[in-house]
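pasted the sequence and its predicted model underneath.
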Amino acid sequence: MTSQSSTTVPARLGAPAPAPAPAPVAVHLGDPHAPRTACVLAPVMAQWDHGAFFEPVAEALLSTGHRVTVYDTLSLLRAGDDLAALADRWADVLRAEQPDLLAGNALGGAVVQQLLDRPWTHRTRVVLLSAPTVADETLDATLERIAAAVEPDGTAAALRLLHEVVRGPAEPSPAPGAPGHLDDEALSGWRLATGLRLLRRADARRRVEAFPGKLLHVYGTESRLVRHHHLATGPGHNRVGIPEAGMRPHADRPDATRQAVAAFLAPPSTKRIHEK
């Protein structure tokens, strides 16, 4: 079952009409009666892919008794939001779900990390896929170069720039020409540019380092975007680099990424058996 809503592009001229409260867009995976709840926040997407990005690793959650809800992170975005404002809005939604697991990819993971100082998150496990804890000048400049291309060059050109930095090491450079069909060019461009700019100067290091729960960072060792030094950990946390993978280790090396997540979620007795 999938619920849908749309995000309104802010008007360029005149006083904007009061914006309706945004509603979360999500897709639900697995047995709705499973004993555990997992909530997953998506990366920046010009157009929502209905959770397809998470399919390569979803089995690691489904097989450990989770019913999984994958959310379009930008579905709650309003004009003028910064990362903290977007995270506050998601906090209300996610807290009501009483999740056993919080997960996020890229921007989605950055939003999750913003929430880790809230007591209701301290009982959850956290899985982060290429999700920066802190953005440095290099990451900020790269994301701004892509976001700034939307207005003069169009969404397709900006998406080609994005693909160049997120593609895996074995994936060819993007060929000239348009990407896949975009249902709404203006909305897609706004989502892409605004979403990427939310990560500017992101810094959740204190929240992450003090988080008392179990946390796993997974990243590609060949990433051109989010790298090892963008990730913070605290006591009891894990950081796993996937060899021969870029910004999307779950797409480049799905088996290795799935195994890393499954090992993190395995009961302690199972982990000891695997370690022998």
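Happy to help now that I have it. Residues are numbered from 1 along each chain as shown.

beta partners for Gly104?
Beta-bridge partners recorded for Gly104 (DSSP bridges): Leu41, Leu128.

contact partners for it?
Residues near Gly104 by C-beta atoms under 8 Å, 6 or more residues apart in numbering: 40-42, 73, 110-113, 127-129, 131. In this view, the C-beta of every residue, glycine as well, is placed from N, C-alpha and C.

and of those residues, the nearest to Arg253?
Leu129 (11.7 Å; C-beta to C-beta).

OK, contacts around that closest one?
With contact taken as C-beta under 8 Å, 6+ apart, Leu129 is in contact with 57, 103-106, 109, 218-219, 249-250, 257.

just the pLDDT for it.
pLDDT for Leu129: 98.

for His217, see how far away the residue nearest to it when sequence neighbours are not counted is.
Closest residue to Leu129 apart from its sequence neighbours, by C-beta to C-beta, 6 or more residues apart in numbering: Asn105 at 4.2 Å. With distances taken as C-beta to C-beta, to the nearest Å, Asn105 is found 12 Å from His217.

the strands in the chain, which residues?
Taking DSSP state E, the strands of the chain run over residues 2-3, 26-29, 36-41, 66-71, 101-105, 125-129, 215-220, 237-242.

and those, which one's lowest on average pLDDT?
strand 2-3 has the lowest average pLDDT among the strands of the chain, namely a mean of 44.

so Val150 makes contact with Arg191?
No - if you go by C-beta atoms under 8 Å, Val150 and Arg191 don't touch, sitting 9.7 Å apart.

just give the nearest non-adjacent residue to Asp136, would you?
His230 (7.0 Å).

residues touching the residue nearest to Leu129, list them.
Counting by C-beta under 8 Å, 6+ apart, Asn105 makes contact with 40-43, 53-54, 128-131, 250.

now do Gly213
116, 121-126, 236.

apply 6 Å and report the result again.
Neighbouring residues of Gly213 by C-beta atoms under 6 Å, 6 or more residues apart in numbering: 122, 124.

how close does Glu171 get to Leu216?
25 Å.

export stretch 34-49 to PDB, keeping only CA atoms.
This file holds the C-alpha atoms of stretch 34-49, laid out as PDB (Å, rounded to 0.1, in the frame of the first residue of the first chain):
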ATOM      1  CA  ALA A  34       5.500  -8.300  11.900                       C
ATOM      2  CA  PRO A  35       6.600  -7.800  15.500                       C
ATOM      3  CA  ARG A  36       9.100  -5.000  14.800                       C
ATOM      4  CA  THR A  37       8.800  -1.600  13.000                       C
ATOM      5  CA  ALA A  38      11.400  -0.100  10.800                       C
ATOM      6  CA  CYS A  39      11.200   3.500   9.400                       C
ATOM      7  CA  VAL A  40      13.400   4.400   6.500                       C
ATOM      8  CA  LEU A  41      14.000   7.900   5.100                       C
ATOM      9  CA  ALA A  42      15.000   8.300   1.500                       C
ATOM     10  CA  PRO A  43      17.800  10.400  -0.100                       C
ATOM     11  CA  VAL A  44      17.200  13.500  -2.100                       C
ATOM     12  CA  MET A  45      15.300  12.500  -5.200                       C
ATOM     13  CA  ALA A  46      14.100  14.800  -8.000                       C
ATOM     14  CA  GLN A  47      11.200  12.400  -8.300                       C
ATOM     15  CA  TRP A  48      10.000   9.800  -5.700                       C
ATOM     16  CA  ASP A  49      10.900   6.300  -6.700                       C
END
